[in-house]
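[1] For reference, the sequence and a predicted model appear below.
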Amino acid sequence: VSFVMKDAISITNKNKEKLEELRKLIEIETVNGKNRILLLCDNYFNGQIIYSFLKDRDINITLVKDKDELRKQLATNKFDILIMDIFENSQKDYDLIRWVRGRYKEKELPIIFINNRKKVEEEFNIFDLGINDIVEKPISKDKLLIKIENQLKIKLSMKVTETLEKERENISFHCSIYLT
């Protein structure tokens, strides 16, 4: 019995260490700027404004001007967030969101949509397509930064939860072996 207890305590201590590592990971990724943002902006001027909001945050930003460039970037690189600032808000834009969601779940690649219209029913339609958040124009730097930070925290907390769930399953498996 003492052998089993020592192993169970060892597993528990390992979990505490992993939890502490995960806590540090959250701080590192949100504070030290290891995040990559893909910014789709079909208006050069707006793209430069948004880029200037983010460049001082030590975030890797890739700015693309059209849907084809966006598809190429997503095919070859990994991003933490997609920000879409599209002037038209047309059916083609909604099809692009569907295309992204066909490849990435909301928790894998959060989408922040910059909306130039204030119709509530339109926002509901956009959320139904799978975007994670909206920023209305004119864009507030502080509001955009808060929404980015929130999406990064949500994404990271989901990763932590998944990791802890896997560890819990692993512990349960080991404990059932010891108890039988």
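    Cool, got the structure. Fair warning: this is a prediction, and the values are worked out from it, not measured in the lab.

[2] count of neighbours near residue 138?
    7 (other C-beta atoms under 10 Å). For every residue, glycine as well, the C-beta is placed using N, CA and C.

[3] the helices in this protein, which residues?
    Assigned by DSSP state H, the chain shows helices spanning 2-31, 44-55, 67-76, 91-103, 120-129, 141-179.

[4] helices or strands next to the fourth one in the packing?
    So the one you mean is helix 91-103. Packing contacts for helix 91-103, counted by 3 or more C-beta pairs under 8 Å, 6 or more residues apart in numbering; DSSP states H and E, involve helix 67-76, strand 81-85, strand 111-115, helix 120-129.

[5] What's the mean pLDDT across it?
    The average pLDDT for helix 91-103 rounds to 90.

[6] Of all the helices and strands packed on helix 91-103, which one comes closest to residue 160?
    The closest of the helices and strands packed on helix 91-103 to residue 160 is strand 81-85. By C-beta to C-beta, the value is 17.4 Å.

[7] From the contact counts, what lies against that closest one?
    strand 36-41, helix 44-55, helix 91-103, strand 111-115, helix 141-179.

[8] Let's see that with 6 Å instead.
    With contacts taken as 3 or more C-beta pairs under 6 Å, 6 or more residues apart in numbering; DSSP states H and E, strand 81-85 sits against strand 36-41, strand 111-115.

[9] what's the least confident stretch among the helices of the chain?
    helix 2-31 (a mean of 52).

[10] how far away is residue 165 from residue 158?
    For residue 165, the distance to residue 158 (C-beta to C-beta, to the nearest Å) stands at 10 Å.

[11] Look at these two and report which has more neighbours.
    Taking other C-beta under 10 Å, residue 165 and residue 158 do not tie; residue 158 has more neighbours (14 against 10).

[12] my guess is that one meets residue 106, correct?
    No - look at residue 158 against residue 106 with C-beta atoms under 6 Å: they stay out of range, at 9.6 Å.

[13] residues contacting residue 144?
    Residue 144 is in contact with 53, 135, counting by C-beta atoms under 6 Å, 6 or more residues apart in numbering.

[14] do that again at 10 Å, thanks
    49-50, 53-54, 83, 112, 114, 133, 135 (C-beta atoms under 10 Å, 6 or more residues apart in numbering).

[15] same thing with residue 105?
    Taking C-beta under 10 Å, 6+ apart, we find residue 105 in contact with 130, 158.
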